[in-house]
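In: Turn this into a model:
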Amino acid sequence: MANRMILNETSYHGKGAIAAIPTEFHARNFKKAVVITDKELHKIGVVAKVTTLLDEAEIAYEIYDGIVPNPTIENVKEGVTFVQEAKADVILAIGGGSPIDTAKAIGIIVTNPEFSDVRSLEGVADTKHPSLPILAVPTTSGTAAEVTINYVITDKERSRKFVCVDPHDIPIVAFVDSDLMMGMPKALCAATGMDAMTHAIEGLITKGAWEMSDMFHLKAIEIIGRSLADSVNGDPKGREDMALGQYLAGMGFSNVGLGLVHGMAHPLSAWYDIPHGVACAALLPTVMKYNKEFTGNKYREIAKALNIKDAESRSIEDIRDAACEAIDALSKKVGIPATISELGVKEADIAKIAEDAFQDVCTPGNPRETNVSEIIDIYQSLM
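Out: I've put the predicted structure just below:
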């Protein structure tokens, strides 16, 4: 069976990468952009760092800043109307996973209006046309939404998140500029960074993994492992390294899938509005232990990437435990809650949440076959 890799047409990396936006805009002969972002980024001036470049280059644009954390179906529909009324021919998405994910859904519906109900985009939708072109500017170092073919939307009416996977939605250009990530508060930096580590580890052990995706994920684990704590503490080099590490993880998992951590995290966010990265980080060490006997030699590779002592010579059982312990220690070091009860999860809801997790599109990629009963046990162990 052939292995497929889909990446951005073009990406720019490093401090000042956003300076290339006008060049790409003109080279592609775009006429008018809609900037999709959230109110907080607009308020604190992050968006202005980009729109100033547009103003100087005399590029026409309008701003839609209505994106909320865990973006909803209603968010998408409002954005579609905004883009259509603006008569834009390109979307410029600025933000973390929420604005970029919403931009993907909007861009797909603009060119594939038969999916305007939004729910029909769940899973692998049979869209016929590429999205309205998207240029993506991430402001967090974690989701890698700027380089993936995935996005997640919240269905508030049904209290669930659904994952959409569509090669037609990938941003054509990504501008991964760590200068725009310097304003992240510690908690957001920690949550998105542990989300990136989750992407790298789950992408490495998922059923679809292969040598090329392993290359991206192992390098991502190495970079994130050495850089996340510094990044959380506001170190510029740490944040620049994390910008690269999370992007590498995205290059991999977008093409091979994820696993049970994401399957279990999505309903937590849908039910309790828990930030996605926090939900993933709280689950990751425990799910790693649950999977450890079904991962072959992959945990030894994780241990080597994390520079764990004697990773090459220790027994496979010992090194698997060491890899789990190292991720648990990193999570605690950057301040991730150790229990899901701290996040507001209620014991009475767990059975239904576990059903949602079992049905999640990410869960089948897990290296260990699971069931609702075992998922309930994992949730309960974290209460």
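In: can you pull out the strands in the stretch 151-300 of the chain?
Out: 160-165, 173-176 (DSSP state E, counting those that start in this stretch).
In: Please disregard the earlier target; I meant the stretch 1-150 of the chain.
Out: Listed in chain order, the strands found in the stretch 1-150 of the chain under DSSP E, counting those that start in this stretch are 10-13, 32-36, 60-64, 90-95, 134-138, 150-155.
In: Next, the buried residues of the first one.
Out: Right, strand 10-13. Going by neighbour count (16 or more other Cβ atoms under 10 Å), the buried part of strand 10-13 is 11-12. Where C-beta positions appear, they are placed from N, C-alpha and C, glycine not excepted.
In: What number of residues are in the vicinity of Asp65?
Out: When neighbours are defined as other Cβ atoms under 10 Å, Asp65 has 17 of them.
In: one step back: mind putting the strands of the stretch 1-150 of the chain into JSON lines with mean pLDDT?
Out: JSON lines is the format used below for the strands of the stretch 1-150 of the chain (pLDDT from 0 to 100):
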{"stretch": "strand 10-13", "mean pLDDT": "97"}
{"stretch": "strand 32-36", "mean pLDDT": "98"}
{"stretch": "strand 60-64", "mean pLDDT": "98"}
{"stretch": "strand 90-95", "mean pLDDT": "97"}
{"stretch": "strand 134-138", "mean pLDDT": "98"}
{"stretch": "strand 150-155", "mean pLDDT": "93"}
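In: possible to save the ones you listed as TSV with distance to Leu204?
Out: Output for those, formatted as TSV (distance: least, Cβ to Cβ, whole Å):
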stretch	distance to Leu204
strand 10-13	22
strand 32-36	31
strand 60-64	36
strand 90-95	27
strand 134-138	22
strand 150-155	17
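In: right, so of those strands, which gets closest to Ala305?
Out: Each of the strands of the stretch 1-150 of the chain has some distance to Ala305 by Cβ to Cβ; the shortest is strand 10-13, at 20.5 Å.
In: Excluding sequence neighbours, find me the nearest residue to the residue nearest the centre of the chain.
Out: In the chain, the centroid-proximal residue (Cα atoms, centre = their mean) is Thr143; its distance is 2.5 Å. Sequence neighbours aside, Gly97 is the residue nearest to Thr143 in space, at 3.3 Å (criterion: Cβ to Cβ, 6 or more residues apart in numbering).
In: which ones are touching the one you found?
Out: Counting by Cβ atoms under 8 Å, 6 or more residues apart in numbering, Gly97 makes contact with 140, 142-143, 145, 152, 192, 276.
In: Most tightly packed of the strands of the stretch 151-300 of the chain?
Out: strand 173-176 (a mean of 26; mean count of other Cβ atoms under 10 Å).
In: Pull out the buried positions in stretch 343-360.
Out: Within stretch 343-360, judged by 16+ other Cβ under 10 Å, the buried ones are 343, 345, 349-350, 353-354, 356-358, 360.
In: And for stretch 373-383?
Out: Per 16+ other Cβ under 10 Å, stretch 373-383 contains these buried residues: 375-376, 378-379, 382.
In: Lowest-confidence entry in those?
Out: Checked by pLDDT, these have Leu382 as the lowest-scoring entry (95).
In: how about a markdown table for the buried residues of stretch 373-383, with distance to Gly238 and secondary structure added?
Out: Formatted as a markdown table, the buried residues of stretch 373-383 follow (distance: Cβ to Cβ, whole Å; DSSP: H, G, I helix; E, B strand; the rest coil):
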| residue | distance to Gly238 | secondary structure |
| --- | --- | --- |
| Ile375 | 34 | helix |
| Ile376 | 38 | helix |
| Ile378 | 31 | helix |
| Tyr379 | 32 | helix |
| Leu382 | 28 | coil |
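In: about what we covered before: nearest to Leu218 among the strands of the stretch 1-150 of the chain would be which one?
Out: Among the strands of the stretch 1-150 of the chain, strand 10-13 comes nearest to Leu218, with 18.9 Å by Cβ to Cβ.
In: counting contacts, what elements does that closest one pack onto?
Out: Packed against strand 10-13, as judged by 3 or more Cβ pairs under 8 Å, 6 or more residues apart in numbering; DSSP states H and E, are the following elements: strand 173-176, helix 236-256.
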